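Peer 1: please find the sequence and the predicted model below.
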Amino acid sequence: MNFLIIEDREEKRQAVEAELRELDSTAAIVHADNLDDARIQILTKSFDLIIFDLYLPLRKGEEEQDISEDLINVFSRSKNYHCESIALTLYKDKDLSNFNNHGITVVAYDSDDKWKLSLSQKFARLEVKPRCDFLIFCALSKERAAYLDTSARLGDLSTIGGLNCQEIFIDDFSGFCITPRRMGLVHMAIAAAKAIEIFQPKAVGMSGICAGVDGATNLLDIVIGDICWEYQTGKFKDNQFLQEPYQAPVSSQIRTLLEQLTEDKVFLSSLKTGLYDTELKSSKLTLGPISSGSAVVADEARMAEIGMQHRKWAALEMEMYAMYEAAIQSQGNPINFAAKSVVDMGNSGKGDALHNSACVLSARFVTEVMRRILPRFV
């Protein structure tokens, strides 16, 4: 576990650290003894527990002063906002209600050592909190089942916070594969936003099936969502639909990696291992614009209408935009990416023949990308 101790008094800091070592001998403990350092740590790193002090120097070497409001403001807009937190203070006469309003437990630090009990209670909550390095979202149960044919390991099914979760392990990293109650933008938006806030993952991904754009993609292509948008947003006026699409991008931190993977023929070949569909001979891995909507489309005219929104449009599906927006708008702001494999061209020729291979292809891709990025971001 990762702990941050914000404290400028050496004796108190040592006592708190000794107690944390008793609770977890392998913990990584970071210190900050002034407000500037505390800001940097809170805003740039992720912690399981933060121990606050109320009086600190603004900068190293200066006199300590009341910096409680500054710390609360930094904490409340950081990715650590949902981590366990406690303030240990020598000043009992200060109004501490604002700390409690932001979920920070305030405890008197004194000689009777009651603060140690409070610290151990915080630690106990951490031990029962599900560990989650990453999340993967799948709209359908068959998309999630495809991870059985990847290098990831699926574990137990469970219901956490009302979410349909299944444990998933990639190397030494653990996460959950989550399916919403129903497919579509609304249900994925609810599930993704809720899950990201509960689990605070470092990365989120999505796999599954999609419709391709004739002339831009082939059957069983794997399409990575470079940007996503909801094609249904806009306004009906004078019997005409005026489009107003808003876009959500893949995380910029991994975009170069994704571009490089689209050029790696050995990597693409490894994703096709053990699959024998004729369409695989011409299928490729591409990074392109993907549009999302709540309706299944099996109509060429409707596909052409949607295609007017982006000249390089590559695929159509029903959930990706919701997950991208949920990740981008969350305070934790995890790395987000998604890839789906083409099973039809959004016309009347829809069928299920390629669904199994498409689910496996996209699941393998998401697994391998997670394997590359998790050591960098967890």
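Peer 2: Sure, I can see it.
Peer 1: please count neighbours and contacts with C-alpha atoms only from this point.
Peer 2: Fine.
Peer 1: and the helix or strand bottoming out on mean pLDDT in the chain, how far from the chain's centre?
Peer 2: Least confident helix or strand, the chain: helix 97-101 with a mean of 76, by mean pLDDT, DSSP states H and E. Put simply, helix 97-101 sits 28 Å off its chain's centre (Cα atoms, centre = their mean, to the nearest Å).
Peer 1: do the same with stretch 321-337
Peer 2: The answer for stretch 321-337 is 6 Å, by Cα atoms, centre = their mean.
Peer 1: pull that stretch out as CSV, backbone CA atoms only.
Peer 2: The C-alpha trace of stretch 321-337 is given here as CSV (Å, rounded to 0.1, in the frame of the first residue of the first chain):
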residue,chain,number,x,y,z
TYR,A,321,-18.3,7.1,-26.1
ALA,A,322,-20.0,6.6,-22.7
MET,A,323,-16.9,4.9,-21.2
TYR,A,324,-14.6,7.5,-22.6
GLU,A,325,-16.6,10.4,-21.1
ALA,A,326,-17.0,8.6,-17.8
ALA,A,327,-13.2,8.2,-17.5
ILE,A,328,-12.4,11.8,-18.7
GLN,A,329,-14.9,13.4,-16.3
SER,A,330,-13.9,11.4,-13.3
GLN,A,331,-11.6,12.9,-10.7
GLY,A,332,-9.3,9.9,-10.9
ASN,A,333,-9.0,10.4,-14.7
PRO,A,334,-7.7,6.9,-15.5
ILE,A,335,-6.0,6.0,-18.8
ASN,A,336,-8.9,5.2,-21.2
PHE,A,337,-8.9,3.2,-24.5
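Peer 1: name the residues of it that are buried.
Peer 2: Going by neighbour count (16 or more other Cα atoms under 10 Å), the buried part of stretch 321-337 is 321-328, 330-337.
Peer 1: could you do stretch 75-94 as well?
Peer 2: 75, 78-89.
Peer 1: where does the stretch 101-250 of the chain have low pLDDT?
Peer 2: The stretch 101-250 of the chain contains residues with pLDDT under 70 at 128.
Peer 1: in helices only, show me the buried residues of stretch 75-94.
Peer 2: Here DSSP state H is the test, and those give residue 75 as lying in helices.
Peer 1: looking at this protein, which helix is longest?
Peer 2: From DSSP H, the single longest helix across the chain is helix 355-377.
Peer 1: buried residues of that helix, list them for me.
Peer 2: Using 16+ other Cα under 10 Å as the test for burial, helix 355-377 gives 355-371, 373-374.
Peer 1: returning to what we had before: hmm, who's touching the following helix or strand past the least confident helix or strand of the chain?
Peer 2: Per DSSP states H and E, the first helix or strand lying C-terminal to helix 97-101 is strand 105-108. For strand 105-108, the surrounding residues in contact (Cα atoms under 8 Å, 6 or more residues apart in numbering) are 85-92, 96, 99-100, 115, 118.
Peer 1: who does strand 105-108 pair up with?
Peer 2: Applying DSSP bridges to the sheet, strand 105-108 is found paired with strand 84-89 (parallel).
Peer 1: hang on, residue 116 packs against residue 18?
Peer 2: No: using Cα atoms under 8 Å as the test, residue 116 is too far from residue 18 to be in contact (10.5 Å).
Peer 1: the more surrounded of these two?
Peer 2: residue 116 (16 against 13; other Cα atoms under 10 Å).
Peer 1: and the more buried one, what does it touch?
Peer 2: By Cα under 8 Å, 6+ apart, the contact set of residue 116 is residue 19.
Peer 1: likewise for the one 10 residues further on?
Peer 2: When contacts are counted by Cα under 8 Å, 6+ apart, residue 126 touches 48, 84.
Peer 1: what segments of the chain are helices?
Peer 2: Counting by DSSP H, one finds helices in the chain at the ranges 10-23, 35-44, 68-76, 97-101, 114-128, 141-145, 185-199, 252-262, 265-271, 300-307, 320-329, 355-377.
Peer 1: please compute how far the fifth one lies from its chain's middle.
Peer 2: Centroid displacement of helix 114-128 relative to its chain, using Cα atoms, centre = their mean, is 27 Å.
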